[in-house]
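**Student:** next input, structure requested:
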Amino acid sequence: MWLLAEHQVLTTGQIASVEFSSRRRAQDRLARLRSLGVLFAFRDSYMFGGTSEARYALGYIGARMIAAARAVTPPTAKAHMQRLERLAFLPTLTHQLGVNGFFCGLAAHSNPTGTDDGGAGRLTQWWPERRSAEFFWTNQGTDGGEARVRPDGYGCWESGGRAVRFFLEYDTGTESLRVLARKIAAYSAFYTDRFGVLLFSLHSARREQAFRAGLVKFLGGHDPGVVIATTARDLPGADDPAGEVWTLWSGRDHGPVTRLTLANLPERGPRVSHHAPELPYGEAAFQPGDKAIMPLLTAAPAPPREPAWWDSPSGLTPRRSA
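**Tutor:** Predicted coordinates:
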């Protein structure tokens with residue numbers, strides 16, 4: 001229930017990979033919880049027949065149980081049903097399920113009933129878009145202006161004594177590559193490298209190649225000041241985001257591509273002591289007012305930088321005056 005309370009909607013397969021020893025066991029338990037009103041399930045009907053995999057959200061009883069655990073006022077039955085109706089027809093539902101699937105692929109390594117021996121690592125932090133946006137906000141960025149980032153998710157992957165914190169941008173192919181590339185501007189204005197690596201999960205290898213080539217053109221040789229890594233979801237083994245599927249972008253995107261595991265990406269972000277979490281996959285989460293974190297969010301601005309490509313409405317690198 002806590003997973004659904006935080007991440008809103010998950011498929012049968014996603015829940016099974018994280019919490020159960022088999023899909024059948026997951027289906028049986030989910031069906032029982034649905035009959036009790038703890039969970040709500042829905043499917044998407046396809047134009048030429050058939051339906052999607054079942055998607056699950058908190059039912060009204062489940063929502064009341066979470067509210068009781070948090071000591072907050074529960075929603076009314078009418079308000080909760082309206083929320084479920086909006087969720088079922090959410091225009092960005094496919095994107096949200098994709099983001100949740102990415103993190104579930106990492107969280108599955110910690111499933112005690114799975115076959116993974118823990119050698120790959122474990123997901124110790126998973127924040128959705130809303131929680132990430134609420135935390136990673138500062139009135140003053142590196143260029144002296146307001147800085148705010150809205151990643152699709154934020155996580156921490158720990159393996160072999162290394163902790164790789166990362167911001168996730170999950171691409172479904174509906175945005176132009178220029179729009180996707182321009183998102184880097186917000187991360188450059190923020191203290192991104194002090195909190196994590198910026199990951200781009202592209203929906204195909206062809207789009208990944210075009211995106212990386214486009215970055216060379218868009219940035220015009222300018223260093224964005226952000227560690228960027230990309231992957232494509234149609235690569236062999238891409239169903240496991242912890243695997244050898246990531247490629248660092250250096251600004252000189254030429255030559256053969258070297259794929260790295262998530263654990264072998266550069267370490268970014270502060271080390272924090274783990275604590276008993278309110279929510280699952282929050283054991284490495286930052287605490288409000290954490291003394292190790294706040295100085296990074298309120299650090300003095302960097303010296304004025306040269307105009308960058310995103311300062312120009314056309315997206316092209318401004319020319320220097322003679």
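
**Student:** Leu260 and Thr247 touch, don't they?
**Tutor:** Yes. Assessed by C-beta atoms under 8 Å, Leu260 is found in contact with Thr247 at 7.1 Å. No exception for glycine: its C-beta is placed from N, CA and C like everyone else's.

**Student:** need the overlap of contacts for these two.
**Tutor:** Common neighbours of Leu260 and Thr247 (criterion: C-beta atoms under 8 Å, 6 or more residues apart in numbering): Ala229.

**Student:** which of these two has more residues huddled nearby?
**Tutor:** In this view Leu260 and Thr247 are compared by other C-beta atoms under 10 Å, and Thr247 has more residues nearby, 20 against 16.

**Student:** doesn't the more buried one lie inside a strand?
**Tutor:** Yes. Thr247: assigned to a strand according to DSSP: H, G, I helix; E, B strand; the rest coil.

**Student:** who's it bridged to?
**Tutor:** Thr230 (DSSP bridges).

**Student:** ok, it touching Thr258?
**Tutor:** Yes. Applying C-beta under 8 Å, one finds Thr247 in contact with Thr258, separated by 6.5 Å.

**Student:** so who does Arg162 touch?
**Tutor:** 263, 267.

**Student:** how near is it to Val245?
**Tutor:** Distance of Arg162 to Val245, computed by C-beta to C-beta, to the nearest Å: 17 Å.

**Student:** just Pro75 next, same as before
**Tutor:** For Pro75 relative to Val245 (C-beta to C-beta), the value is 40 Å.

**Student:** next one: Leu30
**Tutor:** Plainly put, Leu30 is 30 Å away from Val245 if you go by C-beta to C-beta.

**Student:** what segments of the stretch 51-200 of the chain are helices?
**Tutor:** Secondary structure of the stretch 51-200 of the chain, counting by DSSP state H, counting those that start in this stretch: helices at 60-70, 77-88, 93-107, 129-135, 177-182, 184-189.
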